[in-house]
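> The following comprises the amino acid sequence and a computationally predicted model.
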Amino acid sequence: QLQLVESGGGLVQAGGSLRLSCAASGRTFGNYRMAWFRQAPGKEREFVATINRGGGITDYADSVKDRFTISRDNAKNTVDLQMSSLKPGDTATYFCAAGAFFGGSVYFKDRYGYWGQGTQVTVSS
């Protein structure tokens with residue numbers, strides 16, 4: 001089993017920044033595509049960002065493009081999400097996810113087999 005533990009959430013004012021981190025253990029981290037999803041109360045869990053196994057290819061939801069940056073360190077078994085210019089609409093629980101799949105869509109949560117417990121991000125106006 002691959003265990004994922006998120007950290008770094010909190011309360012921030014609109015326009016501010018936060019950095020989320022996800023620490024992985026239990027299996028070879030570099031074998032997995034990593035992603036961040038988020039879920040606001042009463043809404044579906046939605047894709048935020050993803051990064052390939054080597055860390056050289058990233059993809060983002062349109063709503064966070066140019067504001068969020070995903071990165072990974074395969075030596076430290078971590079994946080981070082740097083969030084800037086935060087908006088109240090970014091308020092959600094953020095989840096780290098790992099997928100063993102190759103090819104096809106990277107945006108669907110059902111393709112990711114491992115999940116962290118989530119970390120809360122609240123952006124005040």
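Right, received. Where do you want to start?
> Every contact and neighbour count from this point should use C-alpha atoms.
OK.
> Surely residue 7 and residue 21 touch.
Yes - if you go by CA atoms under 8 Å, residue 7 and residue 21 touch, sitting 5.3 Å apart.
> what secondary structure does residue 89 sit in?
helix (DSSP: H, G, I helix; E, B strand; the rest coil).
> The residue nearest to it when sequence neighbours are not counted: how many residues sit nearby?
Counting by CA to CA, 6 or more residues apart in numbering, residue 123 is the residue found nearest to residue 89 once chain neighbours are left out, at 7.6 Å. Other residues lying near residue 123 total 21 when counted by other CA atoms under 10 Å.
> Quickly list what residue 123 is bridged to.
Per DSSP bridges, the residues bridged to residue 123 are residue 12.
> quick one: contacts for it?
11-14, 86-91 (CA atoms under 8 Å, 6 or more residues apart in numbering).
> Okay, strands next: where are they in this protein?
3-7, 10-13, 18-25, 33-39, 46-51, 58-60, 68-73, 78-83, 92-99, 114-115, 119-124 (DSSP state E).
> buried residues in stretch 79-92?
Neighbour-count burial for stretch 79-92 flags 79-81, 83-84, 86-87, 90-92 (criterion: 16 or more other CA atoms under 10 Å).
> And stretch 19-33, by the same measure?
Buried-residue list, stretch 19-33, by 16+ other CA under 10 Å: 19-24, 29-30, 32-33.
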